[in-house]
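Undergrad: Give me the fold of what follows.
(one chain, ligands or ions: 1)
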Amino acid sequence: MSRTLPPLDLHAHIAADIAPGTLEGLGAVVFAVTRSLDEYAEISLRSDTVTVWGLGCHPGLVTAQQGYDVGRFVALLKETAFVGEVGLDGGSRVPLERQMEVLESILSTAAATSRLISVHSYRATKLVLDLIEQTRAESVILHWWLGSESQTKRALELGCLFSVNQSMDPTKLRAAGVPITSLLPETDHPSGNRRGTSPRQPGQTLDVERAVGRVYGVDPAEVRNIFWKTFSTQVNAKGVLTLLPPAVQRMVRFAQTN
Ligand SMILES: [Zn+2]
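TA: Here you go, the predicted model:
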């Protein structure tokens, strides 16, 4: 392994049938979300070296929300370190009551079986925080967070982290008092990096490192180290190290001694 850690991407959408070599060629550790339990089942036999597939149930997807089953979710959760994409979406065709029922079940499960968890909150930021508070889910990673300043402060009090993409302005997070150690990078490929610098691909979070570095007054190379430290701390706190691919486990250990 090189002495420099690769870029991290905590939230990207990738086709379930992508070739393993293409993922390795990204040169980054990517957390690939799925949108439904069925989609996760499809990828669960893969053994990618630097990609972590999430167990998801997207709030915008009618079939995924209808097909959610807590027993099946709990069974699939045993094998992955990561839950995503889950959450609430105020613009979804899925009735909000159903979305809340599903998210409450997922967050309660994730509170009991500790996992890294990436949560969507588009036009539903307050309701997402209410459910996090109610279920006592810990260190939830709010992905593409657009809450108000007071909601951001509340999210911090609830122990949330924020995964930042190229379409976001880190200035707002800093102004709300979010420390750099509560941030993680994401692309949300292919939506979040639509205006990103090329190559526009999962794992390409160099522009996020630069933007966060600028806003927080930290050198971009140091920003990457901070992201890795934050990530490693989460991995250890959640006890999910051995669920990660061996190469990623080595990087986590390296990040802690770095
Ligand atoms: Zn997404």
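
Undergrad: Could I get the contacting residues of the residue in the stretch 151-258 of the chain positioned nearest to the ion?
TA: Closest residue of the stretch 151-258 of the chain to the ion, CB to the ion: Asp188 (4.9 Å). Bear in mind the C-beta positions are built from the backbone N, C-alpha and C, glycine included. Residues in contact with Asp188, defined by CB atoms under 8 Å, 6 or more residues apart in numbering, are His11, Ala12, His13, His143, Trp144, Asn165, Ser167.

Undergrad: can you check Leu103 too?
TA: Pro59, Val86, Gly87, Leu88, Val119, Val128, Leu131.

Undergrad: Around the ion, pick out the residues from the protein.
TA: Glu85, Asp188 (CB under 5 Å from the ion).

Undergrad: mind listing the strands for the chain?
TA: 8-13, 29-33, 51-53, 82-87, 116-120, 141-143, 161-164, 183-185 (DSSP state E).

Undergrad: Out of those, which is the most enclosed?
TA: Among the strands of the chain, ranked by average contacts under mean count of other CB atoms under 10 Å, first place goes to strand 82-87 (a mean of 28).

Undergrad: ok, residues contacting it?
TA: Against strand 82-87 from outside (CB under 8 Å, 6+ apart): 11, 31, 33-35, 52-59, 77, 102-103, 106, 110, 115-122, 124, 128, 143, 240.

Undergrad: What residue in the stretch 1-150 of the chain comes nearest to the ion?
TA: Glu85 (4.8 Å).

Undergrad: Leaving out the residues flanking it, which one is nearest to that residue?
TA: Val33 (4.0 Å; CB to CB, 6 or more residues apart in numbering).

Undergrad: what pairs with that neighbour across the strands?
TA: In this entry, Val33 is beta-bridged to His13, by DSSP bridges.

Undergrad: Among the contacts of Leu103, which one sits closest to Val252?
TA: The shortest approach to Val252 among the contacts of Leu103 belongs to Val119, at 21.9 Å (CB to CB).

Undergrad: How much space separates Leu37 from Thr80?
TA: 12 Å (CB to CB, to the nearest Å).

Undergrad: Mutual contacts of those two, please.
TA: Leu55.

Undergrad: one step back: please render the contacts of Leu103 as a markdown table that adds pLDDT to the earlier fields.
TA: Listed next are these as a markdown table, based on pLDDT from 0 to 100:
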| residue | pLDDT |
| --- | --- |
| Pro59 | 98 |
| Val86 | 98 |
| Gly87 | 98 |
| Leu88 | 98 |
| Val119 | 98 |
| Val128 | 98 |
| Leu131 | 98 |
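
Undergrad: Pull up the gap between Gly25 and Ser148, please.
TA: Relative to Ser148, and taking CB to CB, Gly25 is found at 40 Å.

Undergrad: no no, Thr22
TA: 39 Å.

Undergrad: cool, and Gln65?
TA: 26 Å.

Undergrad: More neighbours: which of the two?
TA: Gln65 (22 against 12; other CB atoms under 10 Å).

Undergrad: Could you pull up the residues touching the more buried one?
TA: Cys57, His58, Pro59, Val94, Arg98, Gln99, Val102.

Undergrad: Could you tell me which of the residues you listed belong to helices?
TA: Among the contacts of Gln65, the residues falling in helices (DSSP state H) are Arg98, Gln99, Val102.

Undergrad: Just put these in TSV and tack on neighbour count.
TA: Below are the ones in helices among the contacts of Gln65 laid out as TSV (neighbours: other CB atoms under 10 Å):
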residue	neighbour count
Arg98	15
Gln99	25
Val102	23
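
Undergrad: Export these as CSV, with columns for distance to Ala176 and pLDDT.
TA: Rendered in CSV, the data for the ones in helices among the contacts of Gln65 read as follows (distance: CB to CB, whole Å; pLDDT from 0 to 100):
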residue, distance to Ala176, pLDDT
Arg98, 31, 97
Gln99, 26, 98
Val102, 28, 98
